[in-house]
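Asker: Pasting the sequence and the predicted coordinates here, then a few questions.
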Amino acid sequence: MVTASIVFFLICEFVNVDKVHLSPGRENLMIVFVFSFVCFYFAVVINLVMSRLKSVNSYLRILAEKDELTGLSNRRKVLADAVNIFADSVINRLSCVFAIIDIDHFKKINDTYGHDVGDLVLAQVAEKMRTAIRPQDEIGRYGGEEFIVIMRDIDLKQAEVVVEHLRKSVEEMHIETDQGAVIPVTISAGLAAITSDVSRYEEILAQADKGLYSAKRNGRNRIYIQN
């Protein structure tokens, strides 16, 4: 259609008007009409191209922020969220709790059943945790079998209830392989809250990480609050 419009425009512009039987008034009218027609179609094409580019950019942004296996935020995205939530909590003097969660004996699962089953466990545990946390909380894959949960506007006691619910939800899962084997899965978690002497979000993560190791040293499948 655009090509046809251009052709008509050129005809009106360069072809002898006597040959196309157009009066000067109609010639001018036709030129304006065809020019407007061409501009309209160019505008439509440009709009379609821009919409497509926005769609592609949005899709690429999702790919850049999501962990392919679990569908959760990847390490880069969840740490970016940690920075923003930490800053917002400090500025507005809101309580905030970080949790680092690890799937217990995950290496044993991989060694016993293979990496395909390990991937299945990761994906299903991630989905269970995503649905078990509060809607306002953020969760992402930190790396390997570790995850971060960032809980807004909540104190340690309340956060412990949230993560304990999460722990029980995972413990009650029945993950079954294609061969019919049921994989028992548990998680351990370390929790830490923002305090007045904390100036960087990395300090909270480090405290939560210490809590995680304490939970593992004390038998796994448990929560440890790092004060």
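Answerer: It's in. On a predicted model such as this, the values are computed, not experimentally measured, just so you know. Numbers count the residues shown, from 1 in each chain.
Asker: which element is the nearest residue to Glu65 once chain neighbours are set aside on?
Answerer: Counting by Cβ to Cβ, 6 or more residues apart in numbering, the nearest residue to Glu65 once its immediate chain neighbours are dropped is Lys77, at 4.0 Å. (Glycine included, C-beta is placed from N, CA and C.) Assessed by DSSP states H and E, Lys77 sits inside helix 75-91.
Asker: same thing with Lys128?
Answerer: Using DSSP H and E, Lys128 falls within helix 115-132.
Asker: What residues sit buried inside that helix?
Answerer: Judged by neighbour count (16 or more other Cβ atoms under 10 Å), helix 115-132 contains these buried residues: 117-118, 120-126, 128-130, 132.
Asker: Do you have the strands of this protein handy? List them.
Answerer: In chain order, the chain shows strands spanning 96-103, 138-143, 146-152, 175-176, 182-183, 187-193, 223-225, with DSSP state E as the criterion.
Asker: so can I have CSV of those showing mean neighbour count?
Answerer: Shown next, in CSV, are those (neighbours: other Cβ atoms under 10 Å):
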stretch, mean neighbour count
strand 96-103, 25
strand 138-143, 21
strand 146-152, 23
strand 175-176, 16
strand 182-183, 14
strand 187-193, 25
strand 223-225, 21
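Asker: Just tell me which of these ends up closest to Leu205.
Answerer: Closest approach to Leu205 among the strands of the chain is made by strand 96-103 (5.9 Å; Cβ to Cβ).
Asker: And the residue nearest to Glu65, what's its pLDDT?
Answerer: Residue-level confidence at Lys77 comes out at 94, pLDDT.
Asker: How many residues are close by it?
Answerer: Taking other Cβ atoms under 10 Å as the criterion, the count of residues near Lys77 is 19.
Asker: again with Asp81
Answerer: Should you count by other Cβ under 10 Å, Asp81 turns out to have 18 residues around it.
Asker: Pull the contacting residues for the closest residue to it other than its chain neighbours.
Answerer: Nearest non-adjacent residue to Asp81, counting by Cβ to Cβ, 6+ apart: Glu138, 4.8 Å away. Glu138 makes contact with Ser73, Val78, Asp81, Ala82, Ile85, Ile148, Val149, Ile150, according to Cβ atoms under 8 Å, 6 or more residues apart in numbering.
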